[in-house]
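below are the sequence and a predicted model for it; my questions follow.
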Amino acid sequence: MSAHKVLRQRLITFPFMLLLAIFLVSLYFMYQRFVVGGMGAVSNLNGGFAWGIWVVYDVVIGTALACGGYALAITVYVMNRGQYHPLMRPAILTSLLGYALGGFGAFFDMGKFWQFYEIFLPWNWNFNSVMLEVGLCVATYILILTIEFAPAFLERIGSKKLLRSLNKVLFLFIALGILLPTMHQSSLGSLLISMGHKVDPLWQTWHFQPLLAILSALIMGFSIVVFEASLTTAGLHQDDENTLLVGLGRIIKWLLVAFVVIRIGVLAGQGKLGLIFAGGSSSLFFIVEMALFILPIFLLMVPGANRNASQLLVAAVCMLFAGAAYRFDAFLITFNPGPGYTYFPSAPEIMITLGIISLEIMLYLFFVKKLPVLHGAKHA
Amino acid sequence: MSKDSLDSGGFDFSIIEKRLGVSRRVFLQYCTGVAASLGLSTKGAMAMAKAVAQPAKRPPVIWLHGQECTGPTESLLRSEQPSLEHLILDLISVDYHQTLDTGAGHQVEDIKKKSMAANKGKYLLVIEGAIPVKDNGVYCKIAGETMLELTHEAAEHAAAIVAFGSCASWGGVQSASPNPTGATGAPQVLKDKTVLTIPGCPPNPANFLGTVLYFVTYGKLPPIDDKARPKWAYGRLIHENCYRRPHFDAGRFATEFGDEGHKKGYCLYKMGCKGPETYNNCPSLEYNNIGGQVWPVGVGHPCFGCSEEGVGFEKPLFSLADVKTHTPPNAFPDIADREDSSGVSITAAAAAGAAVGVAIGATAVAASRLSKKDTTDENSEG
Amino acid sequence: MERRDFLKAALGGSAAAVCSVGMAQARPNLEPAEEAVGMLFDSTLCVGCKACVAKCKEVNSRVPAHSDPDNPWDSARDLSADTFNVIKVYRSGKAVNKDRIKDGFCFEKRSCMHCVDPGCVSACPTTSMRRDPKTGIVTHHPDSCIGCRNCMVACPYNVPQFDYNKVFGSIHKCQMCNQSGVERINNGQMTGCAEVCPTGATLFGSRKALLAEAKRRMTLKSGEVYTYPRGDVSKPDSMHEKTVPNYQKHIWGEKEAGGTNVMHISAIPFDQLGMPPLEERSAASVSETVQHTLYSYLALPAIALAGLTYVVKRNTDHDDDEGGMS
């Protein structure tokens, strides 16, 4: 039960102060956005690009990066790989932070933020809407993640009784915690369907959007677990969990193969393979993106490479960039709302996103240093 | 206009006062007005005033009438510009003019021939009326000669040629379908010569006087457009300066005579006003010099395009005009023109680059730490 | 469960899901409302007077765009929160011949097309975009809107626009002059833009009558004279004669993405006029087919949840000694 430990380290370090500084700068722009001039004052959003990095990075990519908890839950509780359990709690924490701040980001992007509750009122629901499914599902999942993370908090305050009763029903929340991300992570892909022709043909796979989205979310989820564990090992001077990560690497390898095969297969089925080599920026972005997906397959296939922690980390980062590129490409970079529309995020817009990321990392550092999150003993 | 605004340059205008019977003040006002219409400065007005007051020699004018109603001459005669008849008689020497000549028959024809011979290459030829060309021009004869022959004869040694009125400019009413006499404008007959045109039915006398004053002052004709019309008078569409234009822009139209919109002075476009495709200065000069919007649109009738070839006498009176205001269309956003579409700012690009760079950098640092760790682990294990 | 089994199951499951998507009763394009009202924009008739833009601003109480001492004219560049319709220009080369592709120009209107199967209505999570069941007019209801702007990205024509420059902004779009407080259509009037159009370039009427009129114009020969109605196609307030231009034999909005209630005809191909490359099937119908296959009565999620609960319960009981989640 007390396998997790509180990391007894100083919270206020130089990197922490740096993150705080970025966050404080972003606070100024948040003030601009909510009090002074609205979204137009800080962003480059326009009539054609109604969604910028706040949606695409903070929500679409941010929540996919926060799929570590989801991916591990499948491994541990569905595939019954108990040995990965030590990675579970930090993964749940990052998922919670990622999703909560994704919700925070969505609030920034919400044009009528003061009416956000309207989406929770059943008489408003439009069951045809993908956005409804995403909105409700993400909100519920944040709640589920909070419950899943509650044991860490309850352990810290020593509430044994509550902890026991929570543990009895926790399996239900774990099951929900697997179902909900499956639903909304696939739906984040389905959002692209309704955009029709605006999504570049290489990314507009119509019925296959949810499948590709969930596969890439799983890839990113596993990658972020590897990434975080590696960074924790390297940055917080913890015992490395390399052997565990190597096993995850094997799972990711097959997910990657599945993704690439389906991605190319769908394009072939829809007769769009020629577009890959048609030249132009779309082809270029597609090739770079696919390279980022394919490169880790080879990195992970080299015998012995699995054991090399730094190579595993490089592969994980590759996949994170690949998943992010898949989303950025589809939603923003090759997105074409019509002639004349252009979008590149403004500096304040980027600063707000960076501020949210900084807040996320600061909160992570705070929690691992104040609550029993990281696994104490060397794993079994 | 105050006296001080014009520098008379020591020029003695008393001669004008005596000769024309107008005060110096009225005379200068007139010259300045004409100069302003022509787009000239007060300097130009002074040059004009001096030219009028002290003509080196009044240029002789040969004035021919073809197929027409004498409207241009009549309109010129009724012009109420200050002492117009004095000016016109003192300014130019009208040696031959079938309507105004007191003499008749062989006498005036003789005078014309003599004047043309004596002023070879110096006289101004004014043509009023269309020239029939069908059947060798037999449909219009003066003193036994066809208008066609007379025109060629007079044009041969003219210093400059002015076609006055729509008939002379492009054929006018008698050139309308089926045009049985082959009525043709002077520029089409005199293809190898520059014929300045002052179309209109009737043409505004001010447009003629301004052009002649320019000729007298500078010894050449003013700048012209592709239809040889002086740009100063025909440079803009009636629609562009029309006082009813705001109604057009707001979508307020009269739909029939006497309806509510018509009573309220709304735009007459829907009733077939040809202002949007007719080049003329009617809205700014009006007619008869009495003010109060005395011109067709001003009195409630749609412009019918009298001065525009292919419009007046050609298009049905109440059919919609082809709006030419916007050609080439520069007051409209292009298809791809968008609100608030922004480019990449340097700071934004730097911030995005820095973020990605930090992510990659952090990974590199962690990777190197891990590989160091690997090595130490292996060493300790080994 | 072995990893291999899991992957098999996962792939099989996704394949099954994909197959079920393909096999399930696909949601077809919506049909036009029986009494759908709309407009027909004939670009060859438009003279660029912008009376429709001015009237639209008056009816909808919008302020002129980019109006300042240097630019006293209302010079909107595109649709925005303050501009629900705008006249744009196509030009090529010297731009001297109206309705010609080469060295030509023509005017094109941008406003809500009032799709028969609207993407915005399908995408809106809070039912703030609605298609009126009787008139087919696509309306916006700001009271339940959260400002997610999915309507904007789901609109093929980029019609809904958000007030980015206001802290408390809102989505704005053309509602065919029938929003509460205006209700011109309900009161038997026509839209403001059709009412003021001096040439009948913007024609109001029922979708059926307008489509018939558009088809009639497609049969006309270039050069002959046709009597064009103004105002309401069924009861025009006046007519005028004009030479028929060289129409493209294409009625935009008859079929594109399920069709639109506002249709366009022109002498210039529509791709040059900025119309999007739409197929006949609406993106909304594909999106809803996928959603309804996966989430119909929440059947699939319920089955999945049951299975997951069973598996998770078994696996957590199995290693209960490890303390479950903690």
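That came in fine, so what should we check first?

so what pLDDT did residue 99 get?
As the question left the chain open, I've gone with chain A. At residue A:99, the model reports a pLDDT of 95.

that's the other chain; I wanted chain C
For residue C:99, the predicted pLDDT is 91.

was I right about residue A:203 contacting residue A:193?
No. With contact defined as Cβ atoms under 8 Å, residue A:203 does not count as touching residue A:193 (11.1 Å). Glycine gets a C-beta too; all of them are placed from N, C-alpha and C.

helix/strand/coil for residue B:117?
When classified by DSSP: H, G, I helix; E, B strand; the rest coil, residue B:117 comes out as helix.

give me the pLDDT value at it.
So residue B:117 comes in at 93 (pLDDT).

what of the one 3 residues further on?
Confidence at residue B:120, expressed as pLDDT, is 91.

closest point of the stretch 101-250 of chain C to chain B, which residue?
residue C:196 (2.9 Å; Cβ to the nearest Cβ).

please report how far that residue lies from chain A.
Distance from residue C:196 to chain A, counting by Cβ to the nearest Cβ, to the nearest Å: 25 Å.

any low-confidence regions in chain B?
B:1-11, B:15-16, B:19-21, B:55-56, B:80-90, B:325-330, B:341-342, B:373-382 (pLDDT under 70).

domain map for it?
B:1-54, B:56-234, B:236-335 (automatic domain parsing).

where along the chain do the strands fall?
Just going to use chain A. For chain A, the strands defined by DSSP state E occupy A:4-5, A:374-375.

that's the wrong chain, I wanted chain B
For chain B, the strands defined by DSSP E cover B:60-65, B:93-97, B:124-128, B:131-132, B:141-142, B:145-146, B:160-164, B:183-184, B:195-198.

buried deepest among the ones you listed, which one?
Mean neighbour counts were compared across the strands of chain B using mean count of other Cβ atoms under 10 Å in any protein chain shown; the top stretch is strand B:131-132, at a mean of 30.

which other residues reach that strand?
B:66-67, B:137-140, B:147-148, B:151, B:168, B:174, B:181-186, B:189 (Cβ atoms under 8 Å, 6 or more residues apart in numbering or on different chains).

residue contacts, the residue in chain B that chain A sits nearest to?
For chain B, the residue closest to chain A is residue B:336, as judged by Cβ to the nearest Cβ, at 3.3 Å. Residue B:336 makes contact with A:338-340, C:274, according to Cβ under 8 Å, 6+ apart.

mind running it again at 6 Å?
For residue B:336, the contact set (Cβ atoms under 6 Å, 6 or more residues apart in numbering or on different chains) comprises A:339-340.

any figure for the gap between it and residue B:284?
With distances taken as Cβ to Cβ, to the nearest Å, residue B:336 is found 37 Å from residue B:284.

same check, this time on residue C:268
Note on residue C:268: its distance to residue B:284, by Cβ to Cβ, is 36 Å.

counting neighbours, go ahead and name the busier of those two.
residue C:268 (21 against 15; other Cβ atoms under 10 Å in any protein chain shown).

the more buried one is in contact with residue C:106, isn't it?
Yes. The pair residue C:268 / residue C:106 is scored as a contact, 5.3 Å apart, by Cβ atoms under 6 Å.

overlap of the contact sets of these two?
Contacts common to residue C:268 and residue C:106, judged by Cβ under 6 Å, 6+ apart, are residue C:90.

so what pLDDT did residue 225 get?
Using chain A here. 87.

that answer is for a different chain, and I need it for chain C
93.

let me know whether it touches residue C:240 as I believe.
No. In terms of Cβ under 6 Å, residue C:225 does not count as a neighbour of residue C:240; the distance is 10.4 Å.

between the two, point out the one with more neighbours.
Neighbour totals were compared for residue C:225 and residue C:240, and residue C:240 leads with 21 against 11 (other Cβ under 10 Å).

biggest helix in chain A by residues?
For chain A, the longest helix by residue count, based on DSSP state H, is helix A:160-190.

tell me what it is packed against?
helix A:68-73, helix A:130-157, helix A:209-235, helix C:299-318 (3 or more Cβ pairs under 6 Å, 6 or more residues apart in numbering or on different chains; DSSP states H and E).

now that helix: buried residues?
A:163, A:166-167, A:170-190 (16 or more other Cβ atoms under 10 Å in any protein chain shown).

hmm, who's touching stretch B:294-310?
So stretch B:294-310 is contacted by B:166, B:170, B:199-201, B:238, B:268, B:271-275, B:278, B:280, B:282, B:286-288, B:311-312, B:317 (Cβ under 6 Å, 6+ apart).

what residues does residue A:205 make contact with?
residue A:266.

so what's it scoring on pLDDT?
95.

and it, how far from chain B?
Residue A:205 is 27 Å from chain B, by Cβ to the nearest Cβ.

likewise for residue A:7?
17 Å.

number of nearby residues for that residue?
Neighbour tally, residue A:7, other Cβ under 10 Å: 20.

which residues touch it?
Residue A:7 touches A:368-369, A:374, counting by Cβ under 6 Å, 6+ apart.

how far away is the residue of the stretch 51-200 of chain C found nearest chain A from residue C:127?
Relative to chain A, the nearest point of the stretch 51-200 of chain C is residue C:147 (2.3 Å; Cβ to the nearest Cβ). Residue C:147 sits at a distance of 15 Å from residue C:127 (criterion: Cβ to Cβ).

ditto for residue A:210
23 Å.

which one of the two is surrounded by more residues?
Taking other Cβ under 10 Å, residue A:210 and residue C:127 do not tie; residue A:210 has more neighbours (29 against 19).

wait, isn't that one in contact with residue A:188?
No. Contact status for residue A:210 versus residue A:188: not in contact, 8.6 Å apart, counting by Cβ under 6 Å.

give me every residue that touches residue B:232.
Residue B:232 neighbours (Cβ under 6 Å, 6+ apart): B:38-39.

how many other residues sit next to the residue of the stretch 101-250 of chain C closest to chain B?
Using other Cβ under 10 Å, the number of residues around residue C:196 comes to 24.

give me the nearest residue to it, chain neighbours excluded.
residue B:251 (2.9 Å; Cβ to Cβ, 6 or more residues apart in numbering or on different chains).

in the stretch 51-200 of chain C, which spans are helices?
C:51-59, C:119-123, C:150-154, C:192-196 (DSSP state H, counting those that start in this stretch).

now the stretch 151-300 of chain B
Counting by DSSP H, counting those that start in this stretch, the helices of the stretch 151-300 of chain B are B:166-170, B:186-189, B:205-218, B:231-234, B:238-241, B:245-250, B:260-263, B:282-285.

point me to the residue of chain A nearest chain C.
Counting by Cβ to the nearest Cβ, chain A gets nearest to chain C through residue A:111 (2.3 Å).

these two touch, right, that residue and residue C:162?
Yes. Under the criterion of Cβ under 6 Å, residue A:111 makes contact with residue C:162 at 5.2 Å.
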